[in-house]
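[1] Following is a predicted model, sequence given first.
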Amino acid sequence: MDWLVVAGVVSLGFLVGLLVGWYVNEDQPFTATGLVASITILSGAGVLGVFHMIAPTGPTREFWLYPIAVLLGVLIAPPLSKLYDRLYVEDSKIKR
């Protein structure tokens with residue numbers, strides 16, 4: 001297993017998942033524009049081809065970790081957003 005590829009794929013997937021999850025959580029009500037933006041972000045996984053090219057050992061099979069990391073990011077984003085709102089937004093005079 002190539003740990004450079006694993007680290008890159010997991011961190012990219014988690015970051016993309018957090019961004020999509022946060023955007024879906026903040027877009028109230030969820031519109032067609034939000035759906036198109038989410039699909040566009042998720043389908044931008046062509047970056048995985050770069051990880052495939054830079055792998056020093058040739059083709060790898062670690063790319064299946066990307067969708068798992070995206071799913072984890074999407075699932076973790078709403079609770080993080082609610083925690084942020086509870087800790088920082090409700091105590092201050094900032095209103096959304």
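    Sure, I can see it.
[2] which residues of the protein score low on pLDDT?
    Low-confidence segments of the chain (pLDDT under 70): 44-52, 55-60, 90-96.
[3] try 80 this time
    The chain contains residues with pLDDT under 80 at 1-2, 5, 26-31, 33-34, 37-64, 88-96.
[4] those strands in this protein, which residues are they?
    Here the chain has no strands by DSSP state E.
[5] Could you state which residue of it sits nearest its centroid?
    Taking CA atoms, centre = their mean, the centroid of the chain lies closest to Gly17, which sits 1.7 Å from it.
[6] and Gly73, how many residues sit next to it?
    Applying other CB atoms under 10 Å, we find 21 residues neighbouring Gly73. C-betas here are computed from N, CA, C, even on glycine.
[7] er, Leu80 I mean
    By other CB under 10 Å, 14 other residues sit near Leu80.
[8] quick one: contacts for it?
    18, 22 (CB atoms under 8 Å, 6 or more residues apart in numbering).
[9] gap between it and Leu87?
    11 Å (CB to CB, to the nearest Å).
[10] I'd guessed the residue nearest to the centre of the chain sits against Leu71; true?
    Yes - if you go by CB atoms under 8 Å, Gly17 and Leu71 touch, sitting 6.5 Å apart.
[11] Just give me the neighbour total for Val74.
    Neighbour number of Val74 under other CB under 10 Å is 21.
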